[in-house]
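Student: coordinates for the following, if possible.
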Amino acid sequence: MSSFADQLKSEIARIARKEMRAETKALKKANAQYRADIAALKRRLADTERAMARLAKGAGKSAARSKAEASEEASPAQGLRFRVAGFASLRQKLGLSAADMGKLIGVSAQSVYHWETGKARPRASQLAAIAAVRKLGKREVAARLATGS
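Tutor: Numbering: from 1, shown residues only. All right, here's what the predicted structure looks like:
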């Protein structure tokens, strides 16, 4: 009878080990995933802290810079956009040469040419002058060119 009891005990122990192996395998897999997630979160936290340190370091510089820029941004050129095709069509609509358009805006004919070809972009002060010309008609443009202003 002891051999039957021994066999039963060994069979129960084998089945228990098999079940425990399956359970621990799932736990080990979950544990590995948790560790990977924690490592990724630590990396993201470190990146975020570095970015915040850079921003805090640059905040002192940008505060002084923003005060200077605030006075410059109060100019009338704020919010003006420039499109190459729009500028070229404006000049054609007014029937002006590049030199005449340059005289109206206060730049050279070469600058007008570079703006129209997309090789350069006008400065903020020049954008304001372009916006002023945009509001003029052909007669007003001719009168301004005739008076030289």
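Student: ok, Asn31 - how many residues close by?
Tutor: The tally of other residues near Asn31 (other CB atoms under 10 Å) stands at 11. C-beta: built from backbone N, CA, C; applies to glycine.
Student: next SSE after the one helix or strand it maps to?
Tutor: When elements are defined using DSSP states H and E, Asn31 is found to belong to helix 2-73. Scanning forward in sequence from helix 2-73 by DSSP H and E, the next helix or strand is helix 84-94.
Student: for the very next helix or strand once past that next one, packing partners?
Tutor: Past helix 84-94, heading to the C-terminal end, the next element that is a helix or strand (DSSP H and E) is helix 98-105. Secondary structure elements in contact with helix 98-105, counted by 3 or more CB pairs under 8 Å, 6 or more residues apart in numbering; DSSP states H and E, are helix 84-94, helix 109-117, helix 124-134, helix 138-147.
Student: export the ones you listed to a markdown table and tack on distance to Ile12 and mean pLDDT?
Tutor: A markdown table is the format used below for these (distance: least, CB to CB, whole Å; pLDDT from 0 to 100):
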| stretch | distance to Ile12 | mean pLDDT |
| --- | --- | --- |
| helix 84-94 | 85 | 88 |
| helix 109-117 | 89 | 90 |
| helix 124-134 | 86 | 88 |
| helix 138-147 | 103 | 88 |
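Student: make TSV out of the ones you listed and add mean neighbour count and distance to Lys103.
Tutor: Rendered in TSV, the data for those read as follows (neighbours: other CB atoms under 10 Å; distance: least, CB to CB, whole Å):
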stretch	mean neighbour count	distance to Lys103
helix 84-94	14	12
helix 109-117	17	9
helix 124-134	16	10
helix 138-147	12	6
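Student: in CSV: these, plus distance to Gly102.
Tutor: Formatted as CSV, the entries for the helices and strands packed on helix 98-105 read as follows, by distance: least, CB to CB, whole Å:
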stretch, distance to Gly102
helix 84-94, 10
helix 109-117, 5
helix 124-134, 10
helix 138-147, 11
